[in-house]
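Q: Please find the sequence and the predicted model below.
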Amino acid sequence: MSESEASLPPEPSQPAEPHPEKTEPTQTEQQTEPRQTEPRQTEPRQTEPRRIAVEGLELELREMTAADRDRMVEFARSLPWHDLLFLRREITEPRAVDAWIRDIDNGHVVTLLALDGDEAGTALAGYATLHRNELRWSAHVGELRVLIAPPYRGRGLGRALTQQIFRLALERGVEKMMARMTVDQKGAIATFEGLGFKPEAVMRDHVKDAEGNPHDLVVMALSVADFHRTLDAYGVTEAIGGSIGGQIGG
C-alpha cells in the first residue's frame, strides 16, 4: 500500500442489515408455548362386562366400582373367618373397602367380580384381585387374591377368575404373580398348584384366627408368561380373551 493510499480517509461503511436478535419469550409467550412433557403411559381401559359359564351357572363378570362397596362388605361378613386370614385388608369393615376402592381408582388394584342373578337380586359369587406393587423395582410383581362364596365353590369359578386376572396382568406388564394362603387351605393350594404355582416360602405362625390360634402362611408364585404358554398349549387362551366360555375344573 502506498503512502498516499494510507492517508486517504476511510470510505464510509454501509450500515449493516439489522439481524433479528434472539429475545427471551415474554411471560405470556411462555405460558402459551406448548410444553415438552414425557409421554404418559396410559392404563388399559376397563374390561367390558361379560357372561361366563361355570358348572351349569351363567355369571356376569365385571370390574369392581365404588357402587359395589356395600355388596363387598356383606359378602366378606358372610364368609368363614378362616377364609379372610390371607388378606391384607379387614374387608368386613366399610373403611377398608373404601381404601380398596381408592386403590382401584388410582390404578394400583384391579378387581373382577362374578355376579349371579339380575340387577334386583344379584349375589356376589366371588372375586379375584390383582394388586400391583407401587415400588418401581417391584412393579413387575403382582399379588393375586381370590375368594369364592361357599355355595359356588368346586364349580371352576376360582380357576376362571384367575385365568382372566392373568390376562389383565399381562396387559399391565406384570411378569410374576404371587398368592398367599394358610397351609391348611388344601383346596386353594391344590387349585393354584394345578395352575402352575410353586411354593416359594412358608411363614411360620404368621396369622392368627378369631380364637387366637396361629397359622402358617404359604407364599406361592408363577411367571405370567409361563402361565399363558401353558394356556396356549391347552388351546384355551382364545376362550379367556373372549368369553371364558367353559369350566376348566378346580
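A: Alright, I've got the coordinates.
Q: what ranges do the helices span in the chain?
A: Chain-ordered helices for the chain, with DSSP state H as the definition, fall at 3-7, 27-32, 69-77, 94-105, 157-171, 186-194, 224-234, 237-241.
Q: Out of those helices, which one sits most buried?
A: helix 157-171 (a mean of 22; mean count of other CB atoms under 10 Å). Every C-beta, even on glycine, is put in place using the N, C-alpha and C of the backbone.
Q: Next, the angle helix 186-194 makes with that helix.
A: In this structure, helix 157-171 runs at an angle of 40 degrees to helix 186-194, with axes from the mean of the first three to the mean of the last three CA atoms, to 10 degrees as the basis.
Q: let's number from 872 now, not from 1
A: New numbering, starting at 872: the last item is helix 1028-1042.
Q: Give me the distance from helix 1028-1042 to the chain's centre.
A: For helix 1028-1042, the gap between its own C-alpha mean and the chain's C-alpha mean amounts to 11 Å (CA atoms, centre = their mean, to the nearest Å).
Q: ok, now stretch 952-969?
A: Its chain's C-alpha centre and that of stretch 952-969 lie 19 Å apart, by CA atoms, centre = their mean.
Q: and what of stretch 968-978?
A: Relative to where its chain is centred, stretch 968-978 has its mean C-alpha point 11 Å off (CA atoms, centre = their mean).
Q: what's next to it, contact-wise?
A: Outside stretch 968-978, the residues within contact range by CB atoms under 8 Å, 6 or more residues apart in numbering are 914, 934-937, 940, 943-944, 947, 960, 962, 980-982, 1002-1003.
Q: One more: stretch 1076-1091?
A: So stretch 1076-1091 is in contact with 952-953, 956-957, 1049-1055, 1060, 1063-1064, 1068-1075, going by CB under 8 Å, 6+ apart.
Q: If you count neighbours, what's buried in it?
A: 1077-1078, 1086, 1088-1091 (16 or more other CB atoms under 10 Å).
Q: Give me the subset of these that lies in strands.
A: 1077-1078, 1086, 1088-1091 (DSSP state E).
Q: Would you reformat the buried residues of stretch 1076-1091 as TSV and include pLDDT?
A: Shown next, in TSV, are these (pLDDT from 0 to 100):
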residue	pLDDT
1077	91
1078	87
1086	89
1088	91
1089	93
1090	94
1091	94
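Q: Which one of the residues you listed is nearest to residue 920?
A: residue 1091 (29.5 Å; CB to CB).
Q: Apart from its neighbours in sequence, what residue is nearest that closest one?
A: For residue 1091, the nearest residue in space outside its immediate sequence neighbours is residue 1068; the separation is 4.0 Å by CB to CB, 6 or more residues apart in numbering.
Q: Count the neighbours of the one you found for me.
A: 21 (other CB atoms under 10 Å).
Q: could you measure it against residue 1051, distance?
A: In this structure, residue 1068 lies at 11 Å from residue 1051, with CB to CB, to the nearest Å as the measure.
Q: and what of residue 969?
A: The separation that residue 969 has from residue 1051, given CB to CB, amounts to 23 Å.
Q: What is the burial count for residue 1026?
A: Around residue 1026 there are 20 residues (other CB under 10 Å).
Q: where does this protein dip in pLDDT?
A: Using pLDDT under 70 as the threshold, the predicted model of the chain has low-confidence ranges 872-918, 989-992, 1101-1121.
Q: now do 80
A: Judged against pLDDT under 80, the low-scoring parts of the chain cover residues 872-920, 926-927, 957, 959, 988-992, 1004-1006, 1081, 1096-1121.
Q: what residues are up against residue 1071?
A: Residue 1071 makes contact with 1049, 1090-1092, according to CB under 8 Å, 6+ apart.
Q: can you list those residues in CSV and add distance to residue 1011?
A: Converted to CSV, these look like this (distance: CB to CB, whole Å):
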residue, distance to residue 1011
1049, 11
1090, 17
1091, 17
1092, 12
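Q: and the gap between residue 1028 and residue 973?
A: Following CB to CB, the distance that separates residue 1028 from residue 973 is 27 Å.
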